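Chemist: Curious how this folds, go ahead:
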Amino acid sequence: MEYYADSYDVAVIGAGHAGVEAGLASARLGCQTVVFTINMDAVGNLPCNPSIGGTAKGHLVREVDALGGEMGRAADDTFLQSRMLNRGKGPAVHSLRAQIDRRMYSARIKHTLENQENLDLKQAEITEIRPLSDDSGYRWACVTKLGAVHLCKCVIIATGTYLAGRIYVGDVSYEGGPDGMFAATSLGKCLRELGIPCRRFKTGTPARIHKQSIDFTNLEVQEGDEVITPFSYDTMENADFPLKNQVVCHVTWTNEKTKQIILDNIHRSPLYSGKIDGIGPRYCPSIEDKIVRFSEKERHQLFIEPCGLETEEMYLQGASSSLPEDVQIALYQSIPGLEHVKIMRTAYAIEYDCVDPLALRATLEFKDYPGLYGAGQFNGSSGYEEAAAQGIVAGINAARSVKNLAPVILERSNSYIGTLIDDLVTKGVSDPYRMMTSRSEYRLILRQDNADERLMPIGHDIGLISEQKYEQFLRRQAMKKAELKRAKETQIPASEQVNAILVSRETTPLSNAVRLIELLKRPELNYAALESIDVTRPEIPHYILEQVEVEIKYEGYIRRQQAMIDEARRLEQKKLPEEIDYHKITGLRLEAIEKLGKIRPENVGQASRISGVSPADISVLLIWLTKQADAE
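Modeler: A predicted model of the protein is given here:
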């Protein structure tokens, strides 16, 4: 028996990282919002690695924060250790990664949802979403396993790996979600019956091992950075809340014995026995996949990471597996430092349903199902950070749809979030999508240090960034502008002290005074090296100085990328009517007609990024648009 339970503006199915950001964004924008979770103890869970950020992922966290999201603040609040990755490379690829106390993070997120105005958090399994045809203004009904019917104007599906989830450990398989939770099996069937294009993906996680069973004696210690950079701009502004490294990580390696154990038992892996149909992540393979695909390598690096301050569980980064439990014990115990290791949680693979993201608009709304949105791993991506990025966009656009406001579409040129979503909805995915800096053609402009400059005005206009935070942003921008001006005007004399510093840095000494900006352009020099001779330098936060330094050193490259962005925006502004019959446009190739008709791009810029649409096809579209405009 069903019964009417309640009505909401926005319903979010799932309380992982996508669902959390979607629900908070919707509620903070004034919509009555409900977030459904299959288990209240899994809210904001980190079922895989106990960390936030990483290469390109750190950019996403900073962008979510700049828009008014929660992940960055929660990560700072539950921080254990921090490292800035890719320090040896250019600033475009510097990415923050932090070890997180996974239980504290989950509790922090759950409490935030519980205290959020306009938001109800409910433990319930949604077994059906039902489109409504009446004129009440409610477009969907969410039905729980217990028969409760919740009417909603918009629904955001953020089911992560729960949707029709199936666990694999060797020959053993069963329905289930991550961390021993239930799978959302009925909802998976419902979506397929609705005609939503689903496919099967898979991912996996390593074993968790007992800290006291590890021999750390000869393991390499990995310390955190001395100077800690937070994720959130709120933390940067809070001088009374300094972050301190509280743990260390360790590094070990597989060996020939590990390799042989895996090869002797590879037939027992569901990845190779044919039991798993789902497609796994290309850039995060299991340990058995690494051994087979990179057979020439003698060893593979593993990181031993703490899961929290109040637990003895340790995470084996780089050692995910779906081999049988007995094989896992043998292979882990073959690794230096783990000879007597005790496994607390067995590694497993999980197969799950997700959607073909080509069915979505750039707003993350389904093209053929008004009011229905997708976010996170449901959209074919992988990772906490990619999920959070999509979640905040889906939440913003669902709320704006309820309020009859124009949608917000982030561009490739202003964010990694825009790049992520454009890749998903324009190019589609053949395996779980992972964000990387190489996916952006504008990565020198899309640095993590300037995420506030790129996105905080948007977050403020939307209503997710408060006046106080925006005023802080404007102060940071004013400091940056003033420092750039000072660097251009300040003269550094050709003195013995100055030249001694220049010679020590292996750069040419001065014969005449030069402006500070000219010295900062030299690759051998930076603000830190020039501190003793830069006597007029005001008290400025180090992150402002870093941003100024990057813009000075890479000024020419940044200017060229900006020119590319301006040209790309010209094509983005040429909108394509949704009802176009591409068969009637003379000159388009058959492949282009098929791809354009399937994806239905919103503008010429998006059309130009579709695989199978050539520059000649784009020229035909531009001519057709001109003729249409002339005819009107």
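
Chemist: Could you point out the longest helix of the chain?
Modeler: Ranked by residue count, the top helix of the chain under DSSP state H comes out as helix 467-489.

Chemist: pLDDT on it, on average?
Modeler: Per-residue pLDDT values over helix 467-489 give a mean of 96.

Chemist: I would like the residues contacting stretch 326-346, please.
Modeler: For stretch 326-346, contacts defined as C-beta atoms under 8 Å, 6 or more residues apart in numbering pick out 169-170, 207-210, 213-219, 250, 252-255, 257-258, 261-262, 265, 268, 287, 302, 304, 312-313, 316, 319, 321, 323, 325, 347. To be clear about C-beta, it is placed using only N, CA and C from the backbone, and glycine gets the same treatment.

Chemist: Would you mind measuring the gap between the ends of stretch 309-325?
Modeler: Terminal residues of stretch 309-325 are spaced 27 Å apart (C-alpha to C-alpha, to the nearest Å).

Chemist: now swap in stretch 40-51 and tell me
Modeler: Stretch 40-51 stretches 21 Å from its first residue to its last (C-alpha to C-alpha).

Chemist: Any buried residues in it, and which?
Modeler: Neighbour-count burial for stretch 40-51, counted by 16 or more other C-beta atoms under 10 Å, picks out 42-51.

Chemist: helices and strands around the longest helix of the chain, which ones?
Modeler: Helices and strands touching helix 467-489, by 3 or more C-beta pairs under 8 Å, 6 or more residues apart in numbering; DSSP states H and E, are helix 233-237, helix 451-462, strand 514-515, helix 516-520, helix 542-553.

Chemist: contacting residues for S269?
Modeler: Counting by C-beta under 8 Å, 6+ apart, S269 touches 170, 288, 321-323.

Chemist: mind giving me JSON lines with these and columns for neighbour count?
Modeler: Formatted as JSON lines, these follow (neighbours: other C-beta atoms under 10 Å):
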{"residue": "G170", "neighbour count": "22"}
{"residue": "E288", "neighbour count": "26"}
{"residue": "S321", "neighbour count": "28"}
{"residue": "S322", "neighbour count": "33"}
{"residue": "L323", "neighbour count": "29"}
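
Chemist: So which of those belong to helices?
Modeler: Counting by DSSP H, the part of those found in helices is E288.

Chemist: doesn't N603 make contact with Q573?
Modeler: Yes - counting by C-beta atoms under 8 Å, Q573 does reach N603; the two are 7.1 Å apart.

Chemist: So for those two, which sits in the more crowded spot?
Modeler: Between Q573 and N603, N603 has the larger neighbour count (other C-beta atoms under 10 Å), namely 16 against 10.

Chemist: quick one: contacts for that one?
Modeler: N603 is in contact with 571-576, counting by C-beta under 8 Å, 6+ apart.

Chemist: hmm, which of those are the buried ones?
Modeler: Judged by 16+ other C-beta under 10 Å, buried ones among those: 571-572, 574, 576.

Chemist: Could you provide those in a markdown table, with additional columns for pLDDT, distance to I392 and secondary structure?
Modeler: Formatted as a markdown table, the buried ones among the contacts of N603 follow (pLDDT from 0 to 100; distance: C-beta to C-beta, whole Å; DSSP: H, G, I helix; E, B strand; the rest coil):
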| residue | pLDDT | distance to I392 | secondary structure |
| --- | --- | --- | --- |
| L571 | 89 | 26 | helix |
| E572 | 90 | 21 | helix |
| K574 | 92 | 28 | coil |
| L576 | 93 | 27 | coil |
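
Chemist: Tell me the one among the residues you listed nearest to V35.
Modeler: Among these, E572 lies closest to V35 (C-beta to C-beta), at 33.1 Å.

Chemist: Show me what stretch 463-482 is in contact with.
Modeler: Residues from elsewhere that reach stretch 463-482, judged by C-beta under 8 Å, 6+ apart: 25, 28-30, 66-69, 233-234, 237, 396, 452-453, 456, 459-460, 538, 540-541, 544, 547-548.

Chemist: residue ranges for the helices of the stretch 301-450 of the chain, please.
Modeler: Using DSSP state H, counting those that start in this stretch, the helices of the stretch 301-450 of the chain run over residues 325-333, 384-402, 416-422.

Chemist: helices or strands next to the second one in the packing?
Modeler: Using 3+ C-beta pairs under 8 Å, 6+ apart as the contact test, the elements touching helix 384-402 are strand 3-13, helix 17-28, strand 51-53, helix 57-67, helix 71-77, strand 148-157, strand 372-374, helix 416-422.
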